[in-house]
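> Here's a sequence, model it:
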Amino acid sequence: MLKITVLVDDSAFGSRGLLAEHGFSMLVYYKGNLVLLDTGQTGMPLLLNAQQLGADLARLTAVVLSHGHYDHTGGIYALTRVLKTKPLLVAHPLALKPAVKLEEGSRRYIGIPYSQSFLEEHFSLTLEKGVLEVSPGVFFLGEVPRYYPELTSHLPDTYVLEGGRLAPHTFTDDTALAVDLGEELLVATGCGHSGLVNVTLHAEKALGKPVTAVLGGFHLAGKPLDYLRVVEEKLRELGVVRVYPGHCTGRVAATRLLEAFQGEELRVGFMLEVDH
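Numbering: from 1, shown residues only. Got it, this is the predicted structure:
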C-alpha cells in the first residue's frame, strides 16, 4: 500500500491540533520505506504535526528536496534532532546555491539556510541531476526539461549568488518525486516551478508509464485563466485523472483544477492511501 501524509502546508483547515505555515512537506510510506519530500519552513510544524499524526520521522529511508527554497528546506535542522539514522538526502546540485529575491531595493534571502557540510554531517548527501530511485518504487526525478517553456512558473526579481554576484535564478533545481504504482505513476511536486505539465511529461518519459495523479504545490497562484486552461488541457492529454493541489497553487487555480479533475485540496493532515 502507498500512504501519503501531508505534514506541512499553508492550510490546516479543519485539522484540530495541527499547525500550518507557508511551506510544504509530505511523508510517503511505500513498500516498507519512509521517504520525506521537503521539510517546510521552520521545523516546528513538521515535528509537531508528525507526532500528532503518528508519523515516524526517526527512521527515514530518504529525504528528497524538491528545490532549494527556504519554505521547503528550513525544517532540516529540526528534522536532524529526531533522526536515529543517517538517511539519504537527494537534491539537484543547484539546490544548494544561495538565492535572493530583490524587494524594494533590498535583498531577501530565500535559499536553503544550511551549508553542504552540515547536510553531509547528518545525511548521506547525494547531489543528482538525473533520475534516481531513492527507495523501491520511489524516484527522484532530477532535472526537468522545459518541454513547454511558456508553462514554467518562475518568481520575478529572483537571483542566485555566484562568486558574490547576482545571476538569474533559472529554477533548474526544481524537481519532483514519482511513485511507481505498477501500471501508472503518481507525481508529487514541492512548488512546480519547472511547470506542472513539464514535470508530468518528464516523469512519463523517464519512467515509461503514464502519470494518472499529481499532488503538491503547483505554483499557479496569480496565473491568468488562459494559462490555467492550457495547463488543464495538457494534463488531460497526458492522462492525468486525479489532482491534489496545495501550498502555492492558489485559490483560483485549485478551484479550476478540482472542477476539471477528480481529487481534493491539500491541507496539513491530509492522507491519501492507494492499494497496490
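> Can you classify L201 as helix, strand or coil?
Recorded secondary structure, L201: helix (DSSP: H, G, I helix; E, B strand; the rest coil).
> residues in contact with it?
For L201, the contacting residues are 147, 238, by CB atoms under 8 Å, 6 or more residues apart in numbering. Heads up, the C-betas are built off the backbone N, CA and C, glycines and all.
> tell me the contacts of the residue nearest the centre of the chain?
If you average the C-alpha coordinates of the chain and look for the closest C-alpha using CA atoms, centre = their mean, you land on G190, 1.8 Å from that point. G190 sits next to 24, 37-38, 65-67, 72, 174, 176, 216-217, 247 when contact means CB under 8 Å, 6+ apart.
> ditto for V90
Listed by CB under 8 Å, 6+ apart, the contact set of V90 reads 62-65, 126-128, 132, 134, 140.
> Quick one: buried ones out of the residues you listed?
Neighbour counting with 16 or more other CB atoms under 10 Å marks 62-65, 128, 132, 134, 140 as buried within the contacts of V90.
> just these now: which is nearest L185?
Using CB to CB, F140 is the member of the buried ones among the contacts of V90 that sits closest to L185, with 13.4 Å.
> That closest one against V64, yeah?
Yes - using CB atoms under 8 Å, F140 makes contact with V64 at a distance of 5.3 Å.
> what sits in contact with each of these two?
Contact criterion CB under 8 Å, 6+ apart; residues bridging F140 and V64 by contacting each: 90, 134, 177.
> about what we covered before: which residue, other than its chain neighbours, is closest to the residue nearest to the centre of the chain?
The spatial neighbour of G190 that comes closest, neighbours along the chain excluded (CB to CB, 6 or more residues apart in numbering), is S66 at 2.6 Å.
> three-state assignment of the one you found?
S66 carries the three-state label coil when classified by three-state DSSP.
> For it, give me the pLDDT.
For S66, the pLDDT comes out at 98.
> wait, doesn't it sit right on D174?
Yes - here S66 reaches D174: they are 6.6 Å apart, a contact under CB under 8 Å.
> average pLDDT across stretch 159-178?
The predicted confidence, averaged over stretch 159-178, sits at 94.
> Can you list the buried residues in it?
159-161, 169, 171-178.
> Alpha carbons of that stretch, as CSV, please.
Provided in CSV are the C-alpha atoms of stretch 159-178 (Å, rounded to 0.1, in the frame of the first residue of the first chain):
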residue,chain,number,x,y,z
TYR,A,159,18.6,35.5,-8.3
VAL,A,160,21.3,33.1,-7.2
LEU,A,161,24.7,34.2,-5.9
GLU,A,162,27.6,33.2,-8.0
GLY,A,163,31.1,34.4,-6.9
GLY,A,164,29.4,37.2,-4.9
ARG,A,165,27.5,38.4,-7.9
LEU,A,166,23.8,38.1,-8.8
ALA,A,167,22.9,35.7,-11.6
PRO,A,168,19.3,35.0,-12.9
HIS,A,169,17.6,32.2,-11.0
THR,A,170,16.7,29.7,-13.7
PHE,A,171,14.9,27.3,-11.2
THR,A,172,16.8,24.4,-12.8
ASP,A,173,17.0,22.8,-9.4
ASP,A,174,13.2,22.4,-9.2
THR,A,175,12.2,18.8,-9.5
ALA,A,176,9.7,16.3,-8.1
LEU,A,177,9.1,12.8,-6.8
ALA,A,178,7.3,9.9,-8.6
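> how far does it sit from the chain's center?
Using CA atoms, centre = their mean, to the nearest Å, the distance from the centre of stretch 159-178 to the centre of the chain it belongs to is 16 Å.
> before we move on, back to that, now for the contacts of G190: which two are most distant?
For those, the maximum inter-member distance is 14.5 Å, found between L65 and H247 (CB to CB).
> shared neighbours of S66 and D174, anything?
Both S66 and D174 are contacted by 190-191, under the criterion CB under 8 Å, 6+ apart.
> how about the helices in this structure?
Here the chain has its helices, by DSSP state H, at 44-53, 70-73, 76-80, 116-122, 196-207, 225-237, 251-260.
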